[in-house]
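Enquirer: Build the 3D model from these lines:
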Amino acid sequence: MSTSSIWRRLAYALGLAALLLVSLASAPPALAHASLVGAQPGDGNLLPESPATLKLDFNEPVSPLVVRLVGPNGAVITPKVTAENNTLTITPPALGRGTHVLSYRVTSADGHPVGGALTFSVGAESATPEAGAVETDPVVAAAIWSARILIYLGLFVGVGGAAFIALLAQARPLPGRAERWIAAAMIAGLLATAISVGLQGLDALAQPLGQLVEPDIWQSGAATSYGWSAAAAALAQLLGLAALALRTRVGARLCATAALACVGLVVSTSGHAATVEPQIWSRAAVFLHAVSIAFWVGSLVPLLVIVRDSSRGNGELAAFSRIIPVPLAVLIATGTYLAFIELDRPDALWTTSYGEVLSGKLALVLVLLAFAAANRYLLVPRLYASAAPRRLARAIAAESTLVLAILFTVATWRFTPPPRALIAAEATTIHFHDRKAMAQIDVEPVRARGAEVAIEVLDGKLHPLAAKEVTISLSNPDAGIENMRRDAVSLGTPRWRIDDLRIPVAGRWKMKVDILVDDFNKVTLEDDVLLPRTP
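Expert: From the prediction side, this is the model:
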């Protein structure tokens, strides 16, 4: 079989899949991983009477999963919720005097649930009630991570291995139990794919693992965009198993190429990068990236057993060596593009959790590429030298180990929103107060210039407070960002200002306001606040 015939078959299957990508790209615009950018009433606000409606504004359209109101006495209310564009409108019953908690859980276009809570008081403040779970249970998060690894093994090792055997193997069965291991990877991936739908539902509704048997959990998981990804993953692995089972070369090759196309569809139907505008480019890049990974990673197990079999010729290895530079070039090009659109700026590589995961992945990939280059240009040309087969087999085994490390690393991305995903452009108002002082803070993003922060400080009786210094400190441990401190400039009592405040990632931040009243008195106000990204 010539190299050109292999590429013709691959191009045909991928061309059909590209038609599906065009239809997927017509979905509504989205940024992915939604962020709360505004609320009425704002977090910490004191209202004179019960509000007729509550509003939550996000930076993209969302679908509500769970919205609860917890009263001062701990009573939980499930209010009526209406979603329109980027806004959730909540209609509560008449609320009693005291502090209330509004907790929410929504799903965004990439299929990932986002939750949070804010407090407000009616008439007067009281003890803050317990809001209940709004975040993913750690046990559920571990189960999602484990299932994702098994799915990756099924798609990249299993489907990719089946594609190598169908397209490049000159004789079957392969030596040893290679085909059984490849089939086992897909079967394990299929089981994990099925369970992952329920785990997605648990994550969506912030429920513990014990609720996995409930029907509404599975319905919630299937209703998100991940439901389409799970269907594509199951189809990819079923087609891969069919390619292994068929002994007719034409049928096996058709199933294998269709399975590779489905691997691309798995990651282009949901996930961080797939929803970046323009979607036709982001989805195409993700699609080609995944297919290239499957073709490369899937070749490792078959090549390992082929190289170790001294009775077998090197036809498969020679064909693979001729073809692999093209998928690697596509892999590098699409990976560079996806990193660019996800990071949005270079320093995100070390200032955010997402960037740290990407940095770890890139380091492993560079080592993997070094092994691949050594195999391709040093060991393969000397395959028939006395020790070359053993060295090549060890190098391929090392590549396989690195691939597993990369898959383990990439699976953590499920819980780390990319820096560019949480961009917001609306002003944010924050209200801090205690018995001694109050601070009203307005954060207004300015394009290409960070944010302008206006601060008004008052005393406990709401009179202007003549302060000597005002300082704001911000930290975001979840994003891996340590304390950032900025001094405000006085505009005359009681107004202060900070220009060009850079907030690298949107989300929940720890904010502290230090008000130096005089040399002997300082008031500190602090709380968790929701802030937009201000580049």
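
Enquirer: quick one: low-confidence parts of the stretch 401-535 of the chain?
Expert: Scanning the stretch 401-535 of the chain for pLDDT under 70 picks out the ranges 413-427, 447-449, 506, 533, 535.

Enquirer: Try it again at 80.
Expert: 407-429, 433, 444-450, 461-462, 477-480, 504-508, 530-535 (pLDDT under 80).

Enquirer: what does the stretch 251-400 of the chain give?
Expert: For the stretch 251-400 of the chain, applying pLDDT under 80 flags the ranges 268-282, 307-318, 321, 339-358, 368-400.

Enquirer: I'd like the average pLDDT over the longest helix anywhere in the chain.
Expert: As assigned by DSSP state H, the longest helix anywhere in the chain is helix 178-205. Averaging pLDDT along helix 178-205 yields 90.

Enquirer: Show the subsequent helix or strand relative to that helix.
Expert: Downstream of helix 178-205, the next assigned helix or strand under DSSP states H and E is helix 215-223.

Enquirer: Would you mind listing the buried residues in that next one?
Expert: Applying a neighbour-count criterion of 16 or more other C-beta atoms under 10 Å, one finds I217, W218, S220, G221, A222, A223 buried in helix 215-223. C-beta: built from backbone N, CA, C; applies to glycine.

Enquirer: helices or strands up against the helix or strand hosting G116?
Expert: Assigned by DSSP H and E, G116 belongs to strand 113-122. Under the contact criterion of 3 or more C-beta pairs under 8 Å, 6 or more residues apart in numbering; DSSP states H and E, strand 113-122 touches strand 36-40, strand 45-47, strand 98-107, helix 178-205.

Enquirer: what does the helix or strand following that strand rub up against?
Expert: Note on strand 113-122: by DSSP H and E, the next helix or strand toward the C-terminus is helix 138-152. Helix 138-152 is contacted from outside by 136, 188-189, 191-193, 195-196, 199-200, 202-203, 207-209, 233, 407-408, 410-412, 414-415, using C-beta atoms under 8 Å, 6 or more residues apart in numbering.

Enquirer: Now restrict the residues you listed to buried residues only.
Expert: Using 16+ other C-beta under 10 Å, the buried members of the contacts of helix 138-152 are 136, 188-189, 192-193, 195-196, 199-200, 202-203, 207, 233, 407, 410-412, 414-415.

Enquirer: Run a quick neighbour tally on the nearest residue to P464 once chain neighbours are set aside.
Expert: Nearest residue to P464, sequence neighbours excluded (C-beta to C-beta, 6 or more residues apart in numbering): P494, at 3.8 Å. Using other C-beta atoms under 10 Å, P494 has 20 neighbouring residues.

Enquirer: what's the spacing between P494 and S146?
Expert: 54 Å (C-beta to C-beta, to the nearest Å).

Enquirer: Likewise for V326?
Expert: Taken as C-beta to C-beta, the span from V326 to S146 is 34 Å.

Enquirer: Equivalent analysis for L102, please.
Expert: Counting by C-beta to C-beta, the gap from L102 to S146 is 33 Å.

Enquirer: who's more crowded, those two?
Expert: Neighbours per residue (other C-beta under 10 Å) separate L102 from S146, with L102 holding more: 23 against 15.

Enquirer: Look up the residues forming beta bridges with the more buried one.
Expert: When assigned by DSSP bridges, L102 has beta-bridge partners L69, L118.

Enquirer: quick one, what contacts it?
Expert: So L102 contacts A39, L54, L56, V67, R68, L69, I90, A117, L118, T119, F120 (C-beta under 8 Å, 6+ apart).

Enquirer: May I ask you to confirm that the fifth one is in contact with G74?
Expert: In this case it means R68. No. R68 is beyond contact range of G74, at 11.6 Å (criterion: C-beta atoms under 8 Å).

Enquirer: more crowded one of those two?
Expert: Set R68 next to G74 and count neighbours by other C-beta under 10 Å: R68 wins out with 19 against 11.

Enquirer: Tell me the spacing between the residue lying closest to that one once chain neighbours are set aside and I77.
Expert: Closest residue to R68 apart from its sequence neighbours, by C-beta to C-beta, 6+ apart: S103 at 4.9 Å. Remark: distance between S103 and I77 (C-beta to C-beta) = 11 Å.

Enquirer: what's the closest of the buried residues of helix 215-223 to A395?
Expert: Checking the buried residues of helix 215-223 against A395 by C-beta to C-beta gives G221 as the nearest, at 40.8 Å.

Enquirer: element containing F432, please.
Expert: Here F432 is assigned to strand 428-433, by DSSP H and E.

Enquirer: which residues touch that strand?
Expert: Defining contact as C-beta under 8 Å, 6+ apart, one finds that strand 428-433 is touched by 37-38, 42-45, 438-444, 460, 511, 513, 525-527, 529-532.

Enquirer: mind redoing it with 7 Å?
Expert: For strand 428-433, the external contacting residues (C-beta atoms under 7 Å, 6 or more residues apart in numbering) are 37-38, 42, 44-45, 438-443, 513, 525, 527, 529, 531-532.

Enquirer: Just the buried residues of these.
Expert: Those of the contacts of strand 428-433 that meet the buried threshold are 37-38, 42, 44-45, 438-441, 443, 513, 525, 529, 531-532, by 16+ other C-beta under 10 Å.

Enquirer: for these, which one is nearest D478?
Expert: Closest to D478 out of the buried ones among the contacts of strand 428-433 is L531 (12.6 Å), distances taken as C-beta to C-beta.

Enquirer: wait, what's in contact with that closest one?
Expert: By C-beta under 7 Å, 6+ apart, L531 lies in contact with T428, V443, I503, A506, W509.

Enquirer: Turn the buried residues of helix 215-223 into a markdown table, columns for distance to L358 and pLDDT.
Expert: Below are the buried residues of helix 215-223 laid out as a markdown table (distance: C-beta to C-beta, whole Å; pLDDT from 0 to 100):
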| residue | distance to L358 | pLDDT |
| --- | --- | --- |
| I217 | 31 | 86 |
| W218 | 32 | 90 |
| S220 | 30 | 82 |
| G221 | 27 | 83 |
| A222 | 30 | 84 |
| A223 | 30 | 79 |
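
Enquirer: would L364 count as being in a strand?
Expert: No. If the criterion is DSSP: H, G, I helix; E, B strand; the rest coil, then L364 is helix and not within a strand.
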